[in-house]
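Participant: No letters, just coordinates:
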């Protein structure tokens with residue numbers, strides 16, 4: 001399956017990915033409506049985008065009490081807005097902190113833009129790539145620890 005992967009060392013924290021995503025999905029430039037969220041660690045100047053990894057075994061799908069989350073034929077996670085009660089169990093269950101809720105408690109989950117991820121297309125530093133990948137399991141904590149080690153940054 002094609003997935004988005006992050007080259008964390010390339011991320012400049014510009015948040016263009018967030019703006020492109022929100023505009024494509026919601027018609028507004030608003031990071032709070034984006035399905036991707038850039039986490040900034042200002043102390044060391046580190047940035048990392050969080051988004052749905054399209055995990056084979058997706059805890060949010062299995063923990064949703066109403067069955068509002070399902071897997072599409074393309075392998076992405078879909079939200080049935082009618083079935084969703086806005087409980088937030090999907091947010092808690094996600095291993096990658098990739099799901100957030102909008103103002104009306106609707107889950108925002110990456111759908112890979114139907115196979116043409118706008119965040120990847122718009123990333124000016126090529127920190128995001130859409131490639132064939134079995135899995136991408138790097139966590140925010142792992143990425144920041146790796147970068148601090150590679151760049152010889154002491155806490």
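Facilitator: Everything's here; your move. This is a predicted model, so every value here is computed, not measured. Numbering: from 1, shown residues only.

Participant: could you pull out the helices for this protein?
Facilitator: If you assign secondary structure with DSSP state H, the helices in the chain sit at 16-26, 59-63, 89-93, 118-122, 140-150.

Participant: where are the low-confidence patches of this structure?
Facilitator: For the chain, the stretches with pLDDT under 70 are 155.

Participant: What ranges does it have for its strands?
Facilitator: In chain order, the chain shows strands spanning 2-6, 37-41, 46-50, 69-71, 77-79, 100-101, 107-108, 128-132, with DSSP state E as the criterion.

Participant: Which residues are in contact with residue 89?
Facilitator: Taking Cβ atoms under 8 Å, 6 or more residues apart in numbering, we find residue 89 in contact with 60, 63-65. The way it works is simple: take the backbone N, C-alpha and C, and place the C-beta from them, glycine included.

Participant: I'd like a version of those in JSON lines, one that adds distance to residue 21 and neighbour count as further columns.
Facilitator: Conversion of these to JSON lines gives the following (distance: Cβ to Cβ, whole Å; neighbours: other Cβ atoms under 10 Å):
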{"residue": "60", "distance to residue 21": "18", "neighbour count": "23"}
{"residue": "63", "distance to residue 21": "24", "neighbour count": "14"}
{"residue": "64", "distance to residue 21": "22", "neighbour count": "22"}
{"residue": "65", "distance to residue 21": "27", "neighbour count": "10"}
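
Participant: returning to that earlier point: closest to residue 128 out of the helices of the chain?
Facilitator: In this view, these are compared for proximity to residue 128 by Cβ to Cβ, and helix 118-122 is the closest at 4.5 Å.

Participant: what packs against that closest one?
Facilitator: helix 16-26, strand 128-132 (3 or more Cβ pairs under 8 Å, 6 or more residues apart in numbering; DSSP states H and E).

Participant: ok, residue 65 to residue 89 distance?
Facilitator: Between residue 65 and residue 89 the distance, using Cβ to Cβ, to the nearest Å, works out to 6 Å.

Participant: now residue 53
Facilitator: Distance from residue 53 to residue 89, counting by Cβ to Cβ: 18 Å.

Participant: try residue 47
Facilitator: The span separating residue 47 from residue 89 equals 29 Å under the rule Cβ to Cβ.

Participant: I'd like to know how many residues surround the residue lying closest to residue 20 once chain neighbours are set aside.
Facilitator: Nearest-residue entry for residue 20: residue 122, 4.0 Å, with adjacent residues in sequence omitted and distances by Cβ to Cβ, 6 or more residues apart in numbering. When neighbours are counted by other Cβ atoms under 10 Å, residue 122 registers 17.
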